[in-house]
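Colleague: Whatever this is, show me its structure:
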Amino acid sequence: MEYQSLKKGLSVRDLITTGIFCALFFVTTMVGGMLFAPNPVLTYLTPLAIALVSGPVYMLMVAKVPKHGPILILGVVMAVIMFVTGMFWMWCVAYLILAVVAELISGAGKFQSSKLNILGYVVFSLNPIGSYMMLWINQKAYADYLIAKGTEPSYMTTMLSTMQGWMLPAMIVGTALCALASALLGKKLLKKQFQKAGVV
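Modeller: Take a look at the predicted model:
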């Protein structure tokens, strides 16, 4: 796709396509979350699981609509969903901030550089850390907020007792590695789609 086409903005078809991928991304996020989030001991693996299963959807979205807008829209949609479903508010903020950063990264390559698109996904996938990091900043505020939103006090007690200092850096590195693997797998599985979109 030529640079001039990128300046035309999003068409109705682009918006529909983006909406479909937002829905698919939500599904993969829920699937990844359901694997570990219900368990207060294993919940720290949730960011890794989400990053691992969502890469192909994200990469295909960027390939299908290689323009400014879809990544940011995805971040806004997911932030709203997380807020409505009672997730900690810093997760929502992280979605918005990292969506902007990811879009800038991919935009630097006009959305046609697979390396930059992959890097963008790795950055974007760190969004759940925005919630979990609060455990190391203010445990009481984190627990009080989630309990008020319906989380069982016993769940939070077990979660907090399981927390160790090394977990936060491990979660960040693990999530980034899972996102990288997922994006690379997505690129391989969807090679024809990327070639058609001119992604190299």
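Colleague: helices or strands next to the host helix or strand of residue 130 in the packing?
Modeller: Following DSSP states H and E, the helix or strand that holds residue 130 is helix 129-132. With contacts taken as 3 or more C-beta pairs under 8 Å, 6 or more residues apart in numbering; DSSP states H and E, helix 129-132 sits against helix 89-108, helix 167-189. No exception for glycine: its C-beta is placed from N, CA and C like everyone else's.
Colleague: so residue 155 touches residue 39, yeah?
Modeller: No - with contacts counted by C-beta atoms under 8 Å, residue 155 stays clear of residue 39, the gap being 9.1 Å.
Colleague: Give me the average confidence score over the longest helix belonging to the chain.
Modeller: Longest helix of the chain, by residue count under DSSP state H: helix 12-36. What helix 12-36 shows for mean pLDDT is 95.
Colleague: Give the next helix or strand downstream of that helix.
Modeller: Next along from helix 12-36, by DSSP H and E: helix 46-64.
Colleague: which ones are touching the residue most central in space within the chain?
Modeller: Closest residue to the average C-alpha location of the chain: residue 125 at 3.7 Å, with C-alpha atoms, centre = their mean. Counting by C-beta atoms under 8 Å, 6 or more residues apart in numbering, residue 125 touches 47, 50-51, 54-55, 175-176, 178-179, 182.
Colleague: can we see that at 7 Å?
Modeller: 51, 175, 179 (C-beta atoms under 7 Å, 6 or more residues apart in numbering).
Colleague: The last one - how many residues pack around it?
Modeller: Other residues near residue 179 come to 27 when the count uses other C-beta atoms under 10 Å.
Colleague: I'd assumed residue 121 was in contact with it.
Modeller: Yes - counting by C-beta atoms under 7 Å, residue 179 does reach residue 121; the two are 5.7 Å apart.
Colleague: Now the common contact residues for those two.
Modeller: In contact with both residue 179 and residue 121: residue 55, using C-beta under 7 Å, 6+ apart.
Colleague: what's the closest of the helices and strands packed on helix 129-132 to residue 141?
Modeller: Residue 141 lies closest to helix 89-108 among the helices and strands packed on helix 129-132, at 10.0 Å (C-beta to C-beta).
Colleague: residue ranges with poor pLDDT in the protein?
Modeller: Flagging of the chain using pLDDT under 70 yields the residue ranges 1-8, 192-200.
Colleague: ok, 90 please
Modeller: The model of the chain has pLDDT under 90 over residues 1-10, 86, 149-150, 185-200.
Colleague: How many neighbouring residues does residue 147 have?
Modeller: 13.
Colleague: Tell me the secondary structure at it.
Modeller: helix (DSSP: H, G, I helix; E, B strand; the rest coil).
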